[in-house]
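Enquirer: Turn this into a structure:
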Amino acid sequence: MRVAFSAISRSFAKRACGFGEAVLSTRTSMISARGTLLLLIASLLNPQLSGDTRSAGGGTNAPRHHDGRTDQAPTPALRHDGVVWSAAFSPDGARIVTASWDHTARVWDARSGRPLTPPLGHDGVVWSAVFSPDGSRVVTASADKTARVWDARTGQPLTPPLQHDDVVSSAAFSPDGSRVITASWDETVRVWDARTGARLLPPLKHENIVNDAAFSPDGSRIVSASDLTALVWDARTGQRLAPPMQHEGLVNSAAFSPDGTRVVTVSWDGTARVWEAKTSRPVTPPLPHAGWVTSAVFSPDGARVVTASDDATARVWDARTGRPVTPPLRHGGGVHSARFSPDGARVVTAADDHAARVWDAATGRPLLPPLKLDGPVMSAAFSPDGQRIVTACWSGAAQVWDAATGALLTPDEAGGGP
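Expert: Residues are numbered from 1 along each chain as shown. The predicted structure is shown next:
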């Protein structure tokens, strides 16, 4: 699961500076300057963001993880020394990878909460970390201008750093795991050999910072989000395949539908939009919110889209007609992410109101009480079997929950959670 860098920038803006939308839609020079300023201000506002950021395993305030099947003693787990931006399960659900402000990603046992590798260290904030499709590797994206590929069992680097000339905002594996795609503030997307780290194509050039990039389900194409547009590229040749998909504000992210025929984009113009991947023609009217749209993904069957917005709602839409399928899924603060369960029957949302929530994807009815945390929730995702949820929190911890009951499986003895 990717966390769009622009959504993180939006979060900084709200907490640190309160900049208006017009300022946040400026061109590259102002965006870069704003990013540097926001990072500095955020570190001053949150004491967890300062100090030694590379200690392994956390301190005495680490959250605790109980094995639900036994009465064994709890063990320290899932604690970083700064904001946790993202948390994701491995394809088999046995492990979790987290990405943090503390310059590390970490791999954990999803049942016991034990760290399984040394911290995966960068020289800057780690914005995202994801497993390869076979679960054997992890790729991380960092503000230190690199992405890195790691052995998920040992924590050892497997390639040289994948080097850009500015912040790397996202990194992901191809569906077959043979390639890595990176997006950067240096206005390029790059494709790499995941085994050797060799660059496979010339840089795919934009005219502004690139927030996000992703492969199509068959690995033959790439979609990238930058400035006011998303672009589709041939993943083997680097040639542009379609006209720009145009918004009226910064495009945060873009993703293909499960069958690869459509693309969904999200923007600070208050809309998500669904496009034909081959022609860039709109499939639906714009999917409107009353604030910035922070994320959008298709359902596993491609029939619906769920969007998350700064307007304190997530919404489920018909991906063919653009009509709302449910009432708005309401939080008490901006919603950072919304994801379907693997069977498409539920949606989990993560928001600034210190809660994640689980909803019926067909009716919009809440299925559980709110999953309460001690800070804004940056992301939430189901395990591959749909039985658990992992949340990533501004307070510096990831936590695991029972998706059927809402029971917290990693109670935070530092004060987070119920």
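Enquirer: residues in contact with residue 370?
Expert: 355-357 (C-beta atoms under 8 Å, 6 or more residues apart in numbering). All C-beta atoms are positioned from the backbone trio N, CA, C, and that covers glycine.
Enquirer: again, but for residue 106
Expert: Residue 106 touches 80, 97-98, 100, 115, 117, 119-120, counting by C-beta under 8 Å, 6+ apart.
Enquirer: Residue 92 too?
Expert: Per C-beta under 8 Å, 6+ apart, neighbours of residue 92: 135, 384.
Enquirer: Where does pLDDT dip in the chain?
Expert: 1-77, 411-418 (pLDDT under 70).
Enquirer: Would you check that residue 312 makes contact with residue 333?
Expert: Yes - the criterion here is C-beta atoms under 8 Å, and residue 312 meets it with residue 333 at 5.8 Å.
Enquirer: Need the residues touching each of those two.
Expert: 351, 353.
Enquirer: who has more neighbours, the two?
Expert: When residue 312 and residue 333 are compared for neighbours, residue 312 comes out ahead with 20 against 15, by other C-beta atoms under 10 Å.
Enquirer: How many neighbouring residues does residue 196 have?
Expert: Using other C-beta under 10 Å, residue 196 has 12 neighbouring residues.
Enquirer: Over to the one 3 residues further on?
Expert: Residue 199 sits with 13 neighbouring residues when counted by other C-beta under 10 Å.
Enquirer: ok, now which ones touch the residue lying closest to residue 126 once chain neighbours are set aside?
Expert: Nearest residue to residue 126, sequence neighbours excluded (C-beta to C-beta, 6 or more residues apart in numbering): residue 99, at 4.4 Å. By C-beta under 8 Å, 6+ apart, the contact list for residue 99 reads 3, 84-87, 105, 126-129, 140-141, 392.
Enquirer: Can you list the strands that the helix or strand containing residue 99 pairs with?
Expert: Using DSSP states H and E, residue 99 sits in strand 95-100. According to DSSP bridges, strand 95-100 forms sheet pairs with strand 84-89 (antiparallel), strand 104-109 (antiparallel).
Enquirer: Please enumerate the strands of the stretch 51-200 of the chain.
Expert: Ranges of strands in the stretch 51-200 of the chain, per DSSP state E, counting those that start in this stretch, are 64-65, 75-76, 84-89, 95-100, 104-109, 120-121, 126-131, 137-142, 146-151, 162-163, 168-173, 179-184, 188-193.
Enquirer: What I need now is those written out in CSV, including distance to residue 386 for each item.
Expert: Below are the strands of the stretch 51-200 of the chain laid out as CSV (distance: least, C-beta to C-beta, whole Å):
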stretch, distance to residue 386
strand 64-65, 20
strand 75-76, 25
strand 84-89, 11
strand 95-100, 15
strand 104-109, 19
strand 120-121, 27
strand 126-131, 17
strand 137-142, 22
strand 146-151, 27
strand 162-163, 33
strand 168-173, 22
strand 179-184, 27
strand 188-193, 32
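Enquirer: Quick one, which of the ones you listed gets closest to residue 351.
Expert: Residue 351 sits nearest to strand 84-89 of all those, at 14.9 Å, using C-beta to C-beta.
Enquirer: and the closest one with strand 137-142, angle?
Expert: 170 degrees (axes from the mean of the first three to the mean of the last three C-alpha atoms, to 10 degrees).
Enquirer: Please renumber the chain so that the first residue is 56 from this point on.
Expert: From this message on, residue numbering opens at 56, which makes the last subject strand 139-144.
Enquirer: Alpha carbons of strand 139-144, in PDB - could you do that?
Expert: What follows is strand 139-144, C-alpha atoms only, in PDB (Å, rounded to 0.1, in the frame of the first residue of the first chain):
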ATOM      1  CA  VAL A 139       4.500   6.400  11.400                       C
ATOM      2  CA  TRP A 140       3.400   7.300   7.900                       C
ATOM      3  CA  SER A 141       2.400   3.900   6.600                       C
ATOM      4  CA  ALA A 142       2.000   0.300   7.700                       C
ATOM      5  CA  ALA A 143       1.200  -2.700   5.500                       C
ATOM      6  CA  PHE A 144       0.900  -6.500   5.800                       C
END
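Enquirer: now it: how far from the chain's centre is it?
Expert: 7 Å (C-alpha atoms, centre = their mean, to the nearest Å).
Enquirer: Also stretch 295-309?
Expert: 19 Å.
Enquirer: swap in stretch 383-392?
Expert: Its chain's C-alpha centre and that of stretch 383-392 lie 16 Å apart, by C-alpha atoms, centre = their mean.
Enquirer: For that stretch, buried residues please.
Expert: Residues 383-386, 389-392 are the ones in stretch 383-392 that count as buried (16 or more other C-beta atoms under 10 Å).
Enquirer: Kindly report the same for stretch 240-250.
Expert: For stretch 240-250, burial by neighbour count (16+ other C-beta under 10 Å) applies to 240-247, 249.
Enquirer: what's the closest of those to residue 266?
Expert: Nearest member of the buried residues of stretch 240-250 to residue 266, counting by C-beta to C-beta, is residue 240, at 8.9 Å.
Enquirer: do you know how far the closest one is from residue 409?
Expert: As judged by C-beta to C-beta, to the nearest Å, residue 240 and residue 409 stand 30 Å apart.
Enquirer: where exactly do the helices run in this structure?
Expert: With DSSP state H, the ranges of helices along the chain come out as 60-67, 76-79, 83-100.
Enquirer: Does residue 219 touch residue 247 like I think?
Expert: No - applying C-beta under 8 Å as the test, residue 219 and residue 247 come out as separate, 10.8 Å apart.
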